[in-house]
Structures are given as structure tokens and as C-alpha cells.
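Peer 1: the following block contains a protein sequence and its predicted model.
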Amino acid sequence: YKGRFEVLKNSDRRRLHPLVRQADGSWAEETWENALDITVAGLNAVRDAHGGQAIAGLISGLSSNEELVCFRDLMVKGWGAEQIEALENTGFQNIYRIGPDKGKIWKEVSWKKIDEADYILTVGVVAHGSQPAVGALIRKRIIPDKLRSAGLGPDDFLYPYGAHHIPVKKGDELLLIKAVLSEAIKVMKKTASAADVGRILQQTKPVKAEDIVKKLNLNGTAQAVLDEIIHDYVASANPLIIVGEDVGFQQDLSGLHALVDLALLKGQYDNERLRLVVLKPSGNSIGAYKLLNRFDREKQAQTIPKGGLVLLEQDLFQDRPHLQIPGDLDFLAIISPYWPVSLADCAHVLIPKPLWMETDGTCTGLDGSEIAFRRKVINSPAEIKSSWETLSGLAARAHVHLGYGSWVELCQKAQHEIQQDGPVEKT
């Protein structure tokens with residue numbers, strides 16, 4: 001497990017000066033001004049030759065809201081880019097899109113409501129994942145309050161405190177959710193204790209819990225545990241389901257539908273939010289989702305990029321499989337604190353930037369209902385310019401008016417955009 005300060009252990013790969021690839025393939029240090037000029041010229045050439053649809057932008061989900069907005073606006077206004085995505089696992093977004101009405105996006109409940117739950121069911125949650133504080137909060141409730149809990153997945157997330165756990169391989173958790181939903185409906189339809197039970201009854205294909213257990217090659221003990229989980233969920237008055245970050249990547253969306261319907265069986269929380277807490281891969285994943293979720297994904301999938309700009313954060317994100325860059329790009333510039341190992345062969349310019357802990361900015365909470373100010377912990381090396389200086393410098397050279405002339409004005413725009421789909425608490 002690598003903690004949040006892992007970034008401080010990689011000083012040997014830290015970059016302090018811009019680098020530009022030479023004609024012979026070697027790298028040479030360059031001034032900031034020249035590096036920005038070369039970047040703008042390279043992206044302009046791609047746009048002029050192939051159009052803006054051939055330019056891609058990738059940005060880390062650890063980036064602040066301000067960096068996300070500025071990066072997006074630069075790519076769209078500067079080069080007409082139509083491919084701008086967060087560099088991370090985005091499976092959690094699929095859960096939001098499973099709504100009863102076309103175009104409706106579910107809102108999940110705040111992780112703070114764990115304090116009010118009388119039953120916790122975890123699905124595909126990894127013990128030392130991206131949100132360890134959530135696990136600590138659940139355990140804090142289990143011990144003194146004797147909170148009932150259970151887990152489904154390869155990792156016993158609540159060990160040794162959880163009451164029940166059924167070990168199944170990654171990807172099979174939602175088969176068990178289908179069993180829990182089907183059996184819970186049989187009980188709850190007799191009491192009609194949830195407003196959505198009627199609709200769910202009509203749309204849910206009945207399955208037998210014992211058939212699922214047999215299909216997954218589980219033993220009799222697992223069957224008994226599953227029966228206990230079904231009983232506890234039905235009996236609970238205020239349950240919450242904690243969902244791991246990889247669960248949303250299921251090929252069969254019927255499992256995600258079952259997950260949403262299971263949450264709806266107990267009614268929406270405060271009549272507006274699903275009883276789900278969906279864990280995210282990065283510290284500002286939901287901010288990236290809100291600020292970048294405006295591009296046509298189907299159109300993006302059909303376009304092969306010929307050039308792009310990538311903004312990275314800490315070292316852990318630079319070698320992830322989610323970072324897929326074609327090797328025949330005409331031009332690629334990278335803004336990163338570190339030497340980008342997996343991208344070095346196809347990059348043309350490398351521009352250093354501060355670490356997330358070396359810069360001020362805001363990030364959005366786990367469920368999107370709050371904005372927190374993230375104050376820098378340490379100062380960045382004197383040689384490195386801020387992300388604002390780099391991105392606004394690129395905008396000036398591309399003759400782009402971003403709509404804000406200072407970091408303060410950028411902060412105001414980012415906060416306004418985050419709150420467009422509802423009020424957001426500031427912490």
C-alpha cells in the first residue's frame with residue numbers, strides 16, 4: 001500500500017526544468033518561454049493538419065478544480081479539442097447513468113451519512129483503496145454501536161469487525177447483488193415498504209439465491225451467510241451500500257441496475273439521493289467528472305488523436321493502464337512533476353509542475369456535495385512555475401481569452417460550475 005506522501009520518496013525522478021526532444025531523439029533543457037512556444041506551435045500544427053477533433057487532452061483526477069477548468073478551457077478554446085478526459089478509472093460514472101428516466105443522473109448519499117446508517121453492505125471494496133477514511137469510519141461505528149455489516153468481494157474490507165463476508169472474485173459481486181435483490185423483493189412486496197418496489201418488481205427478473213451460489217461454486221456456509229445478509233438488509237431501516245471503485249466496470253449492466261434497484265428498495269435518502277456511497281480512484285474524481293462530463297464519448301471513441309496535452313500529478317498515475325497513448329502522435333506535450341516513464345518515448349516536450357501538496361486549490365468531496373480548500377503543505381522548488389502560470393502562458397501564446405485573468409477569478413468560475421447541479425457545501 002502506498003500512502004499519500006509516497007510522492008516525497010521519488011525525488012530522483014523530479015523534474016525542475018523544461019525538456020525538449022531534439023532531432024536525434026535526445027532530450028535537452030529549454031527555457032520556460034521557449035518550451036511554451038514549442039508546445040503551442042506543435043498543437044497548432046496538429047489542429048491545422050487534422051482539425052481540433054484530432055487533439056486530445058488527458059488530466060489527472062488528482063488535479064484541483066481550478067486546474068481542471070483551466071486545462072479544459074485551454075484545450076477547447078485554444079485548439080478546438082473534442083477529447084478531454086480524466087486520467088483514471090471512470091467506471092463509477094456508469095452507476096450515475098442508470099436512471100429510470102433518460103438523461104437522469106443519480107446523486108449518491110454523502111459518506112458522512114455512515115454515522116446514521118443501521119446497516120452497511122460493502123460491494124467490491126478494497127481494504128487499502130483510495131478512500132481509507134471511509135473504512136475507518138465504518139469500523140468506528142461497528143465497534144461501539146454494534147452496527148450490522150457485511151461484505152461481498154475478494155477482499156474482506158471490514159475484517160475482523162464485519163459480521164459477514166462472502167469471498168468472490170472481482171467481477172462476481174453483482175451476481176450476488178442480483179440474488180439479494182430478488183430475495184429481498186419477495187419479502188418486501190408483502191409489506192410494500194418502499195415506494196419503488198412495484199416498479200422494481202415489474203422490471204426485475206427473479207433469480208434464486210441458491211442458483212447464484214451454485215454458479216459461483218460457493219459452499220453451504222456461503223448460502224447461510226447470504227441468507228443472513230438478505231435478512232439484515234430487509235430488516236434495516238436506514239441501510240447504506242458502499243461500492244468499490246472497480247464495480248462500475250462490469251460488462252453486464254444488468255448487475256449495476258440490480259445494485260441501484262437494491263438501494264431504491266429502501267427509498268431514496270432524504271427523497272433525493274441513492275443509498276450508495278461510491279468510492280472513487282482519486283482525490284478529486286467527482287470534480288473531474290462534473291467539470292469534464294460534457295463531451296460526446298461515442299464521438300471520442302471514433303476519433304484517433306494525432307496530438308495532445310497531458311497534465312499529470314503524482315508518480316503513481318503515470319504508469320496506469322488507463323493511460324493509453326498512440327505511439328504515432330505528431331506532437332505530445334506533458335506537464336508533470338516527474339519524468340513520465342510510460343510516455344517518454346512518444347513525448348516531444350516536458351514541462352515541470354508543482355506536486356498537489358505544493359499548490360493551493362479546491363477539490364470536490366466524495367459524493368460531490370461539498371468543496372474543500374486544499375492548502376499547500378510545502379513550497380515547490382523555486383525553479384518550477386505554477387500550473388496557472390503554465391496554462392495561462394500557453395493560452396496567451398495561443399491568443400486565447402480564457403474568460404478569467406487571475407487565479408482568484410478562475411477559482412470563482414470553478415466553484416460556480418461545480419454548483420450548477422445543486423448547492424454545494426464549502427469546507
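Peer 2: Received it, and whenever you're ready, just let me know what you need. Keep in mind that this is a model prediction, so the values were computed, not measured.

Peer 1: all helices of the chain, in order?
Peer 2: Along the chain, the stretches classed as helices by DSSP state H are 32-50, 65-79, 92-96, 132-145, 173-188, 197-203, 209-215, 220-235, 253-264, 285-292, 297-301, 387-397, 407-418.

Peer 1: so which of those helices comes closest to residue 162?
Peer 2: Nearest to residue 162, of all the helices of the chain, is helix 132-145, at 7.1 Å by Cβ to Cβ. For every residue, glycine as well, the C-beta is placed using N, CA and C.

Peer 1: can I get the helices of the chain in CSV including distance to residue 120 and mean pLDDT?
Peer 2: Supplementary listing: the helices of the chain in CSV, determined by distance: least, Cβ to Cβ, whole Å; pLDDT from 0 to 100:
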stretch, distance to residue 120, mean pLDDT
helix 32-50, 48, 97
helix 65-79, 30, 96
helix 92-96, 18, 78
helix 132-145, 6, 86
helix 173-188, 14, 89
helix 197-203, 21, 65
helix 209-215, 20, 87
helix 220-235, 10, 92
helix 253-264, 13, 88
helix 285-292, 21, 87
helix 297-301, 33, 57
helix 387-397, 38, 96
helix 407-418, 28, 92
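
Peer 1: columns mean neighbour count and distance to residue 156 on top of those, output as TSV?
Peer 2: Shown next, in TSV, are those (neighbours: other Cβ atoms under 10 Å; distance: least, Cβ to Cβ, whole Å):
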stretch	mean neighbour count	distance to residue 156
helix 32-50	18	48
helix 65-79	24	35
helix 92-96	20	22
helix 132-145	15	11
helix 173-188	22	13
helix 197-203	14	29
helix 209-215	16	18
helix 220-235	17	12
helix 253-264	22	20
helix 285-292	25	25
helix 297-301	10	35
helix 387-397	20	40
helix 407-418	17	36
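
Peer 1: got those helices as CSV, with distance to residue 355 columns?
Peer 2: Shown next, in CSV, are the helices of the chain (distance: least, Cβ to Cβ, whole Å):
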stretch, distance to residue 355
helix 32-50, 18
helix 65-79, 12
helix 92-96, 25
helix 132-145, 20
helix 173-188, 35
helix 197-203, 46
helix 209-215, 46
helix 220-235, 42
helix 253-264, 35
helix 285-292, 18
helix 297-301, 29
helix 387-397, 11
helix 407-418, 17
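
Peer 1: among those, which comes closest to residue 108?
Peer 2: Closest among the helices of the chain, using Cβ to Cβ: helix 92-96, at 7.9 Å.

Peer 1: hmm, back to that, of all the helices of the chain, which lies closest to residue 348?
Peer 2: Using Cβ to Cβ, the helices of the chain put helix 32-50 closest to residue 348, at 6.2 Å.
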